[in-house]
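Student: Got a sequence here, can you build the structure:
(one chain, ligands or ions: 1)
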Amino acid sequence: MSADPIRVVEVPLVDRSYEVHVGHGAVTRLGSLMPVRARRAVVVTQPGLDIAVDPGIAHTVVEIGLGEAHKRLTTIDDLCRSFAAAGLARNDVVIGVGGGMVTDVAGFAASVWHRGIAVVHVATSLLGMVDAAIGGKTGVNLSNDDGTAAGKNLIGSFWQPSGVICDLDHLATLPEREQRCGRGEMAKYHFLTGDDLLAMSLTDRVARCVEIKAEVVAADEREGGRRALLNYGHTLAHALEASTDHGLAHGEAVAIGLAYAARLARELGRVGDDRVAEHDRVVVDEYGLSIELPQPSDPDRLLALMATDKKSLDGGLTFVLDGPNGVEVVPGVDPAAARSALATMP
Ligand code: GLY
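Tutor: Prediction:
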């Protein structure tokens with residue numbers, strides 16, 4: 001246990017502002033985040049998480065399946081039937097307890113049940129705490145008929161939570177792979193801000209990531225512009241997740257995507273070798289992540305998948321890239337440059 005006090009970070013969104021409580025033992029604050037008129041809650045979680053939550057009102061626990069294959073519309077259908085069985089009404093609340101997959105799915109189900117009811121997230125993974133549970137992006141993947149992934153988070157909504165808990169005690173038993181995934185998103189924040197996150201205490205580090213995200217979301221909630229910067233490293237990352245059928249986890253893919261974004265920026269004359277080396281040093285040496293493309297990787301498939309990225313407004317290649325003005329959205333990238341940069345990846 002740390003002596004650090006629980007930090008409260010606000011996501012300022014005028015009439016929908018909410019608090020994120022970050023710290024050891026923060027889950028005891030859950031009751032204080034319940035909407036005042038809620039009489040009943042459905043807690044959405046996953047088998048094996050075994051995290052005790054007490055919202056202070058009547059509640060039922062519903063589990064969704066483990067793994068990306070369950071991040072699909074049929075899971076939303078199942079959840080809505082559970083909401084009906086629990087008698088969840090307009091003033092009631094959904095509580096998502098888990099990693100990014102759970103909070104994305106619980107948030108999406110809350111956003112469509114009775115055309116939208118309150119949701120509160122208890123993020124239990126590092127990636128959930130620093131990214132997925134904050135900012136109101138919810139959704140599921142598009143699936144092929146055989147259940148394999150056809151596109152990451154292509155079906156979803158913007159639906160802000162009423163509050164978020166990041167209890168750092170939940171990280172004590174987090175498997176190394178999930179720690180890595182959180183570090184992939186933190187490395188992204190490093191490049192967006194230059195902050196030395198690793199020099200901070202765990203409470204300050206997670207709270208700082210929440211602050212960075214809150215500030216971007218407050219400025220551009222629906223990703224009309226600046227919020228797209230939070231997708232730094234994500235264009236290749238989403239393609240890698242789909243091409244490996246999620247054999248590569250999101251944060252692992254983001255680490256590779258960051259190294260690729262630097263190489264693509266160099267290919268386009270936006271940065272030099274020094275900046276590529278800096279990306280590799282931070283991602284590999286500081287954050288302890290791999291930047292090697294999974295093998296075999298098919299460049300044609302990766303290019304085709306990258307063109308379907310949600311950032312693309314016209315079916316062309318759009319990336320978030322470093323450059324003389326810092327990190328910015330770059331549309332209309334020449335596929336030949338994207339291919340050449342892939343060929344320079346370790
Ligand atoms: N994960 C990127 C965003 O929330 O905008």
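
Student: I'd say residue 96 and residue 124 touch.
Tutor: No - contact criterion CB atoms under 8 Å: residue 96 and residue 124 do not qualify, at 9.7 Å. For every residue, glycine as well, the C-beta is placed using N, CA and C.

Student: now the nearest residue to residue 340 once chain neighbours are set aside: how far from residue 320?
Tutor: In space, and not counting its chain neighbours, residue 340 is closest to residue 267: 5.4 Å by CB to CB, 6 or more residues apart in numbering. When distance is defined by CB to CB, to the nearest Å, residue 267 is 15 Å away from residue 320.

Student: who in this structure is up against the ligand?
Tutor: The chain comes close to the ligand at residues 131, 135, 137, 227, 230, 231, as judged by CB under 6 Å from any ligand atom.

Student: Would you convert the residues you listed into a markdown table that also reports neighbour count?
Tutor: Compiled in a markdown table, the residues of the chain next to the ligand are given as follows (neighbours: other CB atoms under 10 Å):
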| residue | neighbour count |
| --- | --- |
| 131 | 27 |
| 135 | 23 |
| 137 | 25 |
| 227 | 18 |
| 230 | 22 |
| 231 | 22 |
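
Student: can you tell me the residue of the chain closest to the ligand?
Tutor: residue 230 (3.9 Å; CB to the nearest ligand atom).

Student: where does the stretch 1-150 of the chain have low pLDDT?
Tutor: 1-3, 149 (pLDDT under 70).

Student: all strands of it, in order?
Tutor: Under the criterion DSSP state E, counting those that start in this stretch, strands of the stretch 1-150 of the chain are mapped to 7-11, 18-23, 40-45, 58-63, 93-98, 118-123, 137-143, 149-158.

Student: Show me the residue at the heart of the chain, geometrically.
Tutor: With distances taken as CA atoms, centre = their mean, the chain has residue 132 as the residue nearest its mean C-alpha position (3.1 Å).

Student: Leaving out the residues flanking it, which one is nearest to it?
Tutor: Nearest non-adjacent residue to residue 132 (CB to CB, 6+ apart): residue 100, at 3.1 Å.

Student: tell me the contacts of that neighbour?
Tutor: 123, 125, 127, 128, 131, 132, 133, 250 (CB atoms under 8 Å, 6 or more residues apart in numbering).

Student: Kindly recompute the last result at 7 Å.
Tutor: Taking CB atoms under 7 Å, 6 or more residues apart in numbering as the criterion, residue 100 is in contact with 125, 127, 128, 131, 132.
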